[in-house]
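Trainee: quick one, structure for this:
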Amino acid sequence: MIRIAPSILSADFAHLGDSLDRIATADLVHFDVMDGCFVPNISFGLPVLKAVRNYTDAMLDVHLMIDKPERYIDDFAKAGADLISVHLEADGPRGIRKALDAMERNGVKKAVALRPITSPKAILPYIEELDMVLVMTVEPGFGGQSFMEDQLETIRQVREIIDRYNPSCALEVDGGINDATAPLVVEAGANVLVAGSAVFGDPDPADAIARLRR
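Mentor: Numbering: from 1, shown residues only. All right, here's what the predicted structure looks like:
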């Protein structure tokens, strides 16, 4: 089953509740947190997550694009995250270990994320305990970027690792996902698709979600 996770980075923040209502048929709500250090942009953080949690019962998929994410796992878990992904490039192995341990302690689902420059093998020390791996098909930091087709091979390799070591682990793809690229990443092995402008920029977000699932 293909699950769709609209990214609220592309939502209308003047009418965020209405935007969430328009994606009620989605499987997850993707929440991109950027700190201006790990990526060259700043998005939103805990107050917005708390507001979204209070508004919806949807599964909140929180993608931390921040340096040393272990510092904030407790806070994001308490604010309502159901799943948290941390970038393997955002800290050393000891820091990533602490972040995953904090997720375990807080009872949230655990994920790691890979930038396009990162080898799929980087997930090997963690794969057996993960609920999801997130592969970026754009450089993290800004919405609306073009899909990097060379990342299809990364998706395939991550799928092979998941199938070998942890078949229940989900494989999420984020970056440039639309009607044209969704079938490509699904064929490569993805089963969770993050889409921002392709959903929120469509006149009928529910129809856009349905099309991406096909």
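Trainee: report how many residues lie close to the residue nearest to residue 58 when sequence neighbours are not counted.
Mentor: Nearest residue to residue 58, sequence neighbours excluded (C-beta to C-beta, 6 or more residues apart in numbering): residue 29, at 4.8 Å. C-betas here are computed from N, CA, C, even on glycine. Neighbourhood size, residue 29 [other C-beta atoms under 10 Å]: 23.
Trainee: what's residue 29 sitting at in phi/psi?
Mentor: phi -110, psi 120 (degrees, to the nearest 10).
Trainee: ok, it touching residue 8?
Mentor: Yes: here residue 29 lies in contact with residue 8, judged by C-beta atoms under 8 Å, at a distance of 6.2 Å.
Trainee: name the residues contacting each of the two.
Mentor: Common neighbours of residue 29 and residue 8, counting by C-beta atoms under 8 Å, 6 or more residues apart in numbering, are 20, 52.
Trainee: give me the most central residue, this protein.
Mentor: residue 63 (4.9 Å; C-alpha atoms, centre = their mean).
Trainee: for residue 213, see how far away it is.
Mentor: According to C-beta to C-beta, to the nearest Å, residue 63 stands 20 Å off from residue 213.
Trainee: what does residue 147 give?
Mentor: Here the criterion is C-beta to C-beta. By it, residue 147 lies 18 Å from residue 213.
Trainee: cool, and residue 136?
Mentor: Residue 136 is 21 Å from residue 213, where distance means C-beta to C-beta.
Trainee: wait, isn't the residue nearest to the centre of the chain in contact with residue 134?
Mentor: Yes: Residue 63 is in contact with residue 134 according to C-beta under 8 Å; the separation is 6.6 Å.
Trainee: could I get the full set of strands for the chain?
Mentor: Here the chain has its strands, by DSSP state E, at 3-6, 28-34, 59-65, 83-87, 109-114, 132-136, 170-174, 192-195.
Trainee: ok, back up a step: so what's the residue nearest to residue 58 bridging to?
Mentor: Beta bridges link residue 29 to residue 60, judged by DSSP bridges.
Trainee: who are the contact partners of it?
Mentor: Neighbours of residue 29 in contact, by C-beta under 8 Å, 6+ apart: 5, 6, 8, 20, 23, 52, 56, 58, 59, 60, 61.
Trainee: tell me the contacts of the fourth one?
Mentor: Applying C-beta under 8 Å, 6+ apart, we find residue 20 in contact with 8, 11, 29, 52, 55, 56, 58.
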